[in-house]
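Engineer: below is the sequence, then the predicted model.
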Amino acid sequence: MYCSLCKFVTFPPLCVSGVSECILITQWPRYIFSHLNNSIELNCYQNDTEYEYLYWYKQQKGGTIQMMASVVAGTADYEDEYKSGYQAVRLSKKQWTLTISRIQERDEAFYLCAASFAHVLGQDTEP
């Protein structure tokens with residue numbers, strides 16, 4: 001049985017004059033088709049920035065976007081649902097990965113990576 005994982009390739013740059021700088025975040029591969037119980041790796045790259053706060057998000061068909069993990073200063077923090085079977089790693093200042101081990105049907109989704117100069121609060125994070 002196959003479990004297909006589909007994800008967004010490139011975040012288009014968002015620029016607001018005088019407010020923010022323009023960044024480009026690229027993800028690959030564009031699509032992943034995997035057998036159940038296999039491991040897969042998603043990659044993310046930020047162009048001209050070296051933002052310290054890195055994130056992975058997931059959206060299942062018909063669902064809302066959920067934060068999965070954040071990586072700050074090389075340390076990954078996972079939302080409760082993603083503490084087992086998922087590994088977010090910062091490979092360099094510009095590149096990070098998400099490995100999903102033992103793919104299950106629930107992993108079929110749209111995956112997004114993001115980078116920020118400030119921390120984004122998660123589900124279990126107190127302001």
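Structural biologist: Done, it's in.
Engineer: pLDDT weak spots in this protein?
Structural biologist: 1-23, 48, 118-127 (pLDDT under 70).
Engineer: in the sheet, who's paired with the spatially most central residue of it?
Structural biologist: Taking CA atoms, centre = their mean, the centroid of the chain lies closest to residue 56, which sits 2.2 Å from it. Residue 56 has the following beta-bridge partners by DSSP bridges: residue 69, residue 113.
Engineer: and it, how far from residue 35?
Structural biologist: 22 Å (CB to CB, to the nearest Å). (C-beta placed from N, C-alpha, C; glycine too.)
Engineer: hmm, back to that, hang on, isn't the residue nearest to the centre of the chain packed against residue 110?
Structural biologist: No. At 11.8 Å, residue 56 does not count as touching residue 110 under the criterion of CB atoms under 8 Å.
Engineer: and the strands in the chain?
Structural biologist: Ranges of strands in the chain, per DSSP state E, are 2-7, 10-11, 25-28, 31-35, 40-46, 53-59, 65-72, 75-78, 86-90, 95-100, 110-116.
Engineer: just name the most buried of the ones you listed.
Structural biologist: strand 53-59 (a mean of 21; mean count of other CB atoms under 10 Å).
Engineer: that one packs against which elements?
Structural biologist: On a contact count with 3 or more CB pairs under 8 Å, 6 or more residues apart in numbering; DSSP states H and E, strand 53-59 meets strand 40-46, strand 65-72, strand 86-90, strand 110-116.
Engineer: angle of that strand against strand 65-72?
Structural biologist: Here the directions of strand 53-59 and strand 65-72 differ by 160 degrees (axes from the mean of the first three to the mean of the last three CA atoms, to 10 degrees).
Engineer: now the angle from strand 53-59 to strand 40-46?
Structural biologist: Using the same axes, to 10 degrees: strand 53-59 against strand 40-46 is 130 degrees.
Engineer: hmm, who's touching strand 53-59?
Structural biologist: Here strand 53-59 makes contact (CB atoms under 8 Å, 6 or more residues apart in numbering) with 42, 44, 65-72, 88, 90, 96, 98, 109-120.
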